[in-house]
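A.B. asks: here are the coordinates; sequence isn't available:
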């Protein structure tokens with residue numbers, strides 16, 4: 001049977017209080033210390049993560065600035081290259097025009113030389129015809145009718161030589 005004894009109840013309450021006191025001192029204190037340590041570690045991890053995020057944002061910002069600078073340099077390099085190409089193109093065109101002008105001038109001079117040579121040949125042919133007619137006239141006495149036929153013969157020979165391009 002179960003009996004209810006006041007002394008047993010008091011000893012049980014005292015035992016429970018002693019157990020709670022010992023548990024609190026040795027068990028809960030250590031558990032609280034472990035929990036506090038874990039909380040500190042978590043707080044430190046959050047703080048480190050925050051710093052890492054700030055550093056990452058700073059690196060990202062630096063990267064974006066460098067990327068923008070590189071983009072500007074690329075654009076500048078492309079513009080300089082385009083300017084160089086255009087100036088070289090203009091130089092090539094100017095040189096080609098100068099060369100063409102030199103060739104045209106040489107062709108004009110050659111045409112003038114050929115024209116002058118043709119004029120000299122023409123003058124020489126005319127001289128030959130005149131000397132030929134003069135030598136015939138010198139060998140014959142020129143009379144009115146004979147002079148007319150010599151004149152006609154001279155004109156025919158002159159036209160023939162001029163027509164042949166001599």
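C.D. replies: Great, that's in hand. Just so it is clear, the model here is predicted, and its values are computed rather than measured.

A.B. asks: check contacts around residue 95.
C.D. replies: If a contact means CB atoms under 8 Å, 6 or more residues apart in numbering, then residue 95 has no contacts. For glycine as for every other residue, the C-beta is placed from the backbone atoms N, C-alpha and C.

A.B. asks: helix/strand/coil for residue 4?
C.D. replies: On the three-state scheme (DSSP: H, G, I helix; E, B strand; the rest coil), residue 4 is labelled coil.

A.B. asks: Could you tell me how far it is located from residue 15?
C.D. replies: 17 Å (CB to CB, to the nearest Å).

A.B. asks: Between the two, which has more neighbouring residues?
C.D. replies: Using other CB atoms under 10 Å as the criterion, residue 4 and residue 15 rank with residue 15 on top: 10 against 6.

A.B. asks: Next, the more buried one: phi, psi?
C.D. replies: Here is the backbone geometry of residue 15 (degrees, to the nearest 10): phi -60, psi -40.

A.B. asks: What confidence value was assigned to residue 159?
C.D. replies: Looking at residue 159, its pLDDT is 70.

A.B. asks: and it, how far is that from residue 130?
C.D. replies: Distance from residue 159 to residue 130, by CB to CB: 14 Å.

A.B. asks: Check residue 118 too.
C.D. replies: Note on residue 118: its distance to residue 130, by CB to CB, is 19 Å.

A.B. asks: One more: residue 33?
C.D. replies: Computed as CB to CB, the residue 33 to residue 130 distance reads 142 Å.

A.B. asks: Name the residues of stretch 4-23 that are buried.
C.D. replies: For stretch 4-23, a neighbour-count test (16 or more other CB atoms under 10 Å) marks nothing as buried.

A.B. asks: before we move on, what about stretch 107-125?
C.D. replies: Neighbour counts over stretch 107-125 (16+ other CB under 10 Å) mark residue 125 as buried.

A.B. asks: In this structure, mark out all the helices, start to finish.
C.D. replies: For the chain, the helices defined by DSSP state H cover 6-22, 29-139, 144-163.

A.B. asks: Comparing the ones you listed by mean pLDDT, which bottoms out?
C.D. replies: helix 144-163 (a mean of 64).

A.B. asks: Could you give the number of residues near residue 133?
C.D. replies: Residue 133, neighbours per other CB under 10 Å, totals 17.

A.B. asks: With that, I have no additional questions.
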